[in-house]
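below is the structure, and that's it, no one-letter string:
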């Protein structure tokens, strides 16, 4: 077995990153098998205007037919992978069948159920598309025109996956008489979206209060799931006021965060705890940070358990207690927290926090975190596959996890591919070239040699503009963990299967294989293992 080398989690500047905020806005009105609706077209136009004013790259669908709707959703999911925030807004008919909620394209029949399932768009497909974003995933469903009046089956509540928030306008059909103008839900949303430099959590709180006030209580923004605890600011349209750290909050924003935390908002409690746990911030108060996390734990938050485990591990704000830290890490992991799973993999691999080294248990933790698309865990699991430590997995699997880590914004992997391309063995590097080729990023030789063409493809997959080069690496202060929706909701595994070892149908087929002497990667003695939070503290 190869010895393990620990690498610091580095993040490269995102100045050259592709569009960091993307949105899809859908307004379906002109139905073939049902009455034409007033409002959705105007709603979509109003939201598009507001989002574009805040620097979003907006895909707008008006009266979308089934095939175009599904293709646009697939394209948006790919685009969202390289974005910090993805937002989807839908106004149009939505009906229930077989316990599932379907969005209805204008050419889709409302019955029978078999046709609805074939032509409609199941709500989980919408949630998965938004769920590809790196940090903030938000889906807004305008229930004003959700179901035809003759529908008898109630719409089931949305069940978003970890880190995705769904907001609906409350009771189906509780609409204002807006005619051809934007409805109250869309108009109110557009107005709060247009506020400058407001953190998205505060923006949604403003939206909920304004909607209830303006509608006299008939419309009430209902929430399903939770946003990731990473701050994101909607700026003035120049795209500069984007994601950062909680410590970037100015005094006014910090006061608002504390106010929301005092009102029992779990995400604000988590953000305040992060801010008060930062020794470099003048608001440093680790004792209060621990108290905030303990309150958040009462709401069932896995993220709060994860953050509190770190305080117990380090002895900040609480007495150092490795056993308590381990229990909290395990509790968070049992609730599907990908960051806790990755940390436990690291802890058991290294034998830390009083644990004996257990590579098999570590591998299982890394796999579980990687299948939840945790960037560092995908990197770790790929490294162990590359190191022949995962039975039944080969180079194609390692490459798929590396590709997913790139798409998820893993700055460490980007840096390593730029600075140490021979870290992985030749078969893995060739398989990654194939994956980049299949995804449309690369059209060169499948040779395992990471020259200019492969490097450009790697940067493009990461989301950097063509020709952009990464700047000087800096040590990270925080890795973005997955947040939770409900602690008992199942998480679908996305374990990749080994891809066929064949050349893709691209220009690469015409390029000859190049066998370097000696073969790149042979004899390398490194298995990279990343534990972002720990690395940032060392």
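Structure's in. What do you need? Remember, it's a predicted structure, so these values are computed and weren't measured experimentally.

in three-state terms, label the residue lying closest to residue 109 once chain neighbours are set aside for me.
In this structure, residue 109 finds its nearest non-sequential neighbour in residue 115, 4.7 Å apart by CB to CB, 6 or more residues apart in numbering. For every residue, glycine as well, the C-beta is placed using N, CA and C. Here residue 115 is helix, with the state taken from DSSP: H, G, I helix; E, B strand; the rest coil.

for residue 115, grab the count of nearby residues.
14 (other CB atoms under 10 Å).

that one is in contact with residue 105, isn't it?
No: using CB atoms under 8 Å, residue 115 is not in contact with residue 105; the gap is 11.6 Å.

give me the nearest residue to residue 116, chain neighbours excluded.
Residue 116's closest residue in space is residue 97 (CB to CB, 6+ apart), at 5.1 Å.

can you pull the contacts of residue 401?
Shown in contact with residue 401 (CB atoms under 8 Å, 6 or more residues apart in numbering): 370, 378, 379, 381, 382, 385, 496.

give me that answer again for 6 Å
The contact partners of residue 401, taken as CB atoms under 6 Å, 6 or more residues apart in numbering, are 370, 378, 381, 382.

one step back: what about the residue nearest to residue 116, how many residues nearby?
Residues near residue 97, counting by other CB under 10 Å, number 19.

okay, and residue 443 sits in which element?
Residue 443 is part of no helix or strand when elements are defined by DSSP states H and E.

quick check: it vs residue 208, distance?
Counting by CB to CB, to the nearest Å, the gap from residue 443 to residue 208 is 48 Å.

how near is residue 302 to residue 276?
Computed as CB to CB, the residue 302 to residue 276 distance reads 20 Å.

which one's more surrounded, these two?
residue 302 (27 against 24).

give me the pLDDT for the more buried one.
What the model reports as pLDDT for residue 302 is 93.

hang on, the earlier thing: looking at residue 443 and residue 208, which one has more neighbours?
Neighbour comparison, residue 443 and residue 208: the larger count goes to residue 208, with 18 against 15 (by other CB under 10 Å).

could you look up the SS state of that one?
What three-state DSSP gives for residue 208 is helix.

so what's the residue count around the residue lying closest to it once chain neighbours are set aside?
Closest residue to residue 208 apart from its sequence neighbours, by CB to CB, 6+ apart: residue 221 at 4.2 Å. By other CB under 10 Å, the residues close to residue 221 number 20.

residues contacting residue 221?
Counting by CB under 6 Å, 6+ apart, residue 221 has contacts 167, 208, 211.

can you pull out the strands in the stretch 201-350 of the chain?
Using DSSP state E, counting those that start in this stretch, the strands assigned to the stretch 201-350 of the chain run over residues 222-225, 233-234.

report the buried residues of the longest one.
By neighbour count on 16 or more other CB atoms under 10 Å, the buried set for strand 222-225 is 222, 224, 225.

before we move on, what about stretch 199-210?
Buried residues in stretch 199-210 (16+ other CB under 10 Å): 199, 200, 201, 202, 203, 204, 205, 206, 207, 208, 210.

now do the same contact list for residue 307.
273, 293.

er, residue 375 I mean
Shown in contact with residue 375 (CB under 6 Å, 6+ apart): 405, 408, 410.

and the pLDDT for it?
Here the pLDDT value assigned to residue 375 is 90.

not counting sequence-adjacent ones, nearest residue to it?
Once flanking residues are discounted, residue 375 sits nearest to residue 410: 3.8 Å by CB to CB, 6+ apart.

run a quick neighbour tally on that neighbour.
Neighbours around residue 410, by other CB under 10 Å: 27.

for it, grab phi and psi.
phi -80, psi 100 (degrees, to the nearest 10).

next, work out how far apart it and residue 382 are.
Residue 410 is 10 Å from residue 382, by CB to CB.

now the helices: where do they sit in the stretch 51-200 of the chain?
Under the criterion DSSP state H, counting those that start in this stretch, helices of the stretch 51-200 of the chain are mapped to 66-80, 113-119, 123-130, 184-193, 200-215.

redo those as CSV? Include mean pLDDT and distance to residue 430.
Output for the helices of the stretch 51-200 of the chain, formatted as CSV (pLDDT from 0 to 100; distance: least, CB to CB, whole Å):
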stretch, mean pLDDT, distance to residue 430
helix 66-80, 96, 23
helix 113-119, 84, 40
helix 123-130, 94, 30
helix 184-193, 92, 45
helix 200-215, 91, 41
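
deepest-packed of those helices, please.
Mean neighbour count, computed with mean count of other CB atoms under 10 Å, is highest for helix 184-193 among the helices of the stretch 51-200 of the chain, reaching a mean of 23.

which strands and helices sit next to that helix?
Applying 3 or more CB pairs under 6 Å, 6 or more residues apart in numbering; DSSP states H and E, we find helix 184-193 packed against helix 40-53, helix 200-215.

CSV for those, including distance to residue 336?
Compiled in CSV, the helices and strands packed on helix 184-193 are given as follows (distance: least, CB to CB, whole Å):
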stretch, distance to residue 336
helix 40-53, 30
helix 200-215, 21
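
ok, which of those helices comes nearest residue 263?
Nearest of the helices and strands packed on helix 184-193 to residue 263, taken as CB to CB: helix 200-215 at 8.6 Å.

now do the closest one: which elements does it pack against?
Judged by 3+ CB pairs under 6 Å, 6+ apart, the packing partners of helix 200-215 are helix 184-193.

quote the end-to-end distance of stretch 192-210.
From its first residue to its last, stretch 192-210 covers 9 Å (CA to CA, to the nearest Å).

just for the chain, where's the confidence low?
Within the chain, the segments meeting pLDDT under 70 span 1-19, 147-152, 171-181, 235-244, 465-529, 532-538.

rewinding a little: just the contacts of residue 221 now: which is nearest residue 59?
Nearest to residue 59 out of the contacts of residue 221 is residue 167 (CB to CB; 19.3 Å).

now do the closest one against residue 324, distance only.
From residue 167 across to residue 324, the span is 36 Å (CB to CB).

so the two - more neighbours on which side?
Neighbours per residue, other CB under 10 Å: of residue 167 and residue 324, the larger number sits with residue 167, 23 against 16.

name whatever forms a beta bridge with that one.
As for beta bridges, residue 167 partners with residue 140, residue 223 under DSSP bridges.

now do the contacts for it.
By CB under 6 Å, 6+ apart, the contact list for residue 167 reads 140, 221, 223.

thought the first one was touching residue 87?
No: with contacts counted by CB atoms under 6 Å, residue 140 stays clear of residue 87, the gap being 7.2 Å.

what's the overlap in contacts for the two?
Counting by CB under 6 Å, 6+ apart, no residue touches both residue 140 and residue 87.

the helices in the stretch 351-500 of the chain, which residues?
Under the criterion DSSP H, counting those that start in this stretch, helices of the stretch 351-500 of the chain are mapped to 359-370, 375-386, 395-407, 411-419, 426-438, 452-462.

for those helices, which one ends up most surrounded?
Of the helices of the stretch 351-500 of the chain, the one with the most neighbours on average (mean count of other CB under 10 Å) is helix 375-386, at a mean of 29.

ok, residue 153 - contacts?
Neighbours of residue 153 in contact, by CB under 6 Å, 6+ apart: residue 96.

repeat that for 7 Å
96, 97 (CB atoms under 7 Å, 6 or more residues apart in numbering).

counting neighbours, what do you get for residue 338?
Residues near residue 338, counting by other CB under 10 Å: 30.

pull up the gap between it and residue 23, please.
From residue 338 to residue 23 the distance is 25 Å (CB to CB).

try residue 48
Distance from residue 48 to residue 23, by CB to CB: 8 Å.

so which of those two has more stuff around it?
residue 23 (27 against 20).

the helix or strand where the more buried one lies: partners in the sheet, and parallel or antiparallel?
Using DSSP H and E, residue 23 maps to strand 21-27. Partners of strand 21-27 in the sheet, by DSSP bridges, are strand 57-62 (parallel), strand 85-91 (parallel).

same list (the ones you listed) but as CSV, adding mean neighbour count and distance to residue 418.
Listed next are these as CSV, based on neighbours: other CB atoms under 10 Å; distance: least, CB to CB, whole Å:
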stretch, mean neighbour count, distance to residue 418
strand 57-62, 18, 26
strand 85-91, 27, 26
